[in-house]
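K.L.:
Model the structure of this input:
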Amino acid sequence: MKVFVYSSHRFEKPFLEKLAGNKHELFYSPYALNSNTAKLAQGCQAISIFTSCDASAEVLEKLHDYGIRFIALRCVGFNNIDLDKAKTLGIKVANVPVYSPYSVAEHAVALLMALNRKIVLGQKLMKKNDFSLDELIGFDLHGKTVGIVGTGKIGSAFANIMKGFGCKLLGYDSIENKELISQTNINYTSLEELCRQSDVISVHCPLNTKNKYMFNKSNFSIMRKGVFFINTARGSIVNTNDLIQAIENKTIGAAGLDVYENEKDIFFRNHLNNVIIDDLFNKLRSFPNVLITGHQAFLTNEALTGIAETTFRNINDWETKGSSENDL
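P.N.:
Numbers count the residues shown, from 1 in each chain. Okay, here's the model as predicted:
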């Protein structure tokens with residue numbers, strides 16, 4: 001097939017080309033899919049998109065007119081695509097439901113540890129030849145209560161790491177993971193109770209229509225004073241305005257974020273010579289106890305290999321069998 005790759009990045013091209021081999025012809029664009037860029041895929045049978053792409057009904061109609069019949073997502077989440085419209089148009093859509101869960105889980109731990117042990121501040125002080133320790137006090141994770149929202153593969157990997165630290169684990173998920181209970185002794189509870197009891201809260205659930213702004217003023221208000229809040233899932237699970245209020249009133253002791261609700265026009269791009277005009281984002285990253293990374297939690301060799309493998313397995317299955325096991 002001829003495959004047009006939207007939102008392509010230099011870091012992923014070697015992985016995609018290796019897995020595509022000589023079987024598929026790839027065309028790349030750094031631009032995300034939207035109503036203006038849909039025309040770029042003319043002449044192709046399939047496209048591959050990422051989290052920043054817009055596959056709304058209007059865009060899908062244009063893609064269909066241009067001959068696109070297959071959409072391979074290079075990610076787990078599919079909240080950016082109108083699946084009902086795709087089905088109506090006869091466009092096959094598949095995601096990458098599983099890649100290295102350890103990549104995101106370990107990044108969540110890295111954010112937590114960097115914030116807790118004041119790694120960034122420590123490095124800033126050291127570069128100034130200030131070796132005083134007065135501002136660098138953290139806490140032992142051992143014995144602390146860690147609330148995990150979403151206990152699928154990533155949440156489970158995070159839970160096992162936290163178990164290794166000697167933490168007490170609370171879980172919130174619509175489906176209780178029996179294997180995880182036996183592995184870690186995690187205790188499932190309501191979201192409200194998790195918020196009340198946890199010293200650390202880490203979010204690992206997918207975004208859907210029901211959990212947008214799951215974390216809002218109401219849930220922040222019942223959290224323990226000084227709780228550490230980690231989000232490596234999706235930005236819109238958190239109401240950023242309410243998060244900022246919780247940071248300002250010191251309910252949130254520190255926040256580690258790999259995602260942001262309005263990240264679409266910010267992350268994955270070089271803004272070195274531009275001013276970012278987003279008051280909410282600029283306010284959020286101004287706090288010394290907030291650590292933001294640009295949606296890089298998945299970025300490991302193992303994860304990129306897994307994403308490319310599944311992407312082209314989906315495309316190969318469409319070509320040979322007409323369907324993929326990952327069809328949405």
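K.L.:
Ala254: what secondary structure?
P.N.:
strand (DSSP: H, G, I helix; E, B strand; the rest coil).
K.L.:
which ones are touching it?
P.N.:
For Ala254, the contact set (CB atoms under 8 Å, 6 or more residues apart in numbering) comprises 115-116, 228-229, 289-291. Every C-beta, even on glycine, is put in place using the N, C-alpha and C of the backbone.
K.L.:
7 Å - rerun?
P.N.:
Listed by CB atoms under 7 Å, 6 or more residues apart in numbering, the contact set of Ala254 reads 115, 228, 289.
K.L.:
Give me the buried subset of the residues you listed.
P.N.:
Listed as buried from those are 115, 228; burial here means 16 or more other CB atoms under 10 Å.
K.L.:
Mark which of the contacts of Ala254 are part of helices, please.
P.N.:
Leu115 (DSSP state H).
K.L.:
quick one: what helix or strand has Ile230 in it?
P.N.:
strand 227-231 (DSSP states H and E).
K.L.:
ok, Cys44 - contacts?
P.N.:
Listed by CB under 7 Å, 6+ apart, the contact partners of Cys44 are 2-4, 27, 68.
K.L.:
ok, which stretches of this structure are helices?
P.N.:
13-20, 57-65, 83-89, 101-116, 119-127, 153-164, 178-184, 191-197, 217-221, 240-248, 279-284, 301-321.
K.L.:
And the residue nearest to the spatial centre of the chain, how close does it get to Leu141?
P.N.:
Nearest to the mean C-alpha position of the chain, counting by CA atoms, centre = their mean, stands Ala233 at 3.9 Å. Using CB to CB, to the nearest Å, Ala233 is found at 21 Å from Leu141.
K.L.:
Kindly report the same for Asp82.
P.N.:
From Asp82 to Leu141 the distance is 42 Å (CB to CB).
K.L.:
cool, and Ile230?
P.N.:
For Ile230, the distance to Leu141 - CB to CB - is 12 Å.
K.L.:
who's more crowded, those two?
P.N.:
Ile230 (27 against 20; other CB atoms under 10 Å).
K.L.:
Now do the buried residues in stretch 193-204.
P.N.:
Of all the residues in stretch 193-204, those buried under the rule 16+ other CB under 10 Å are 194-204.
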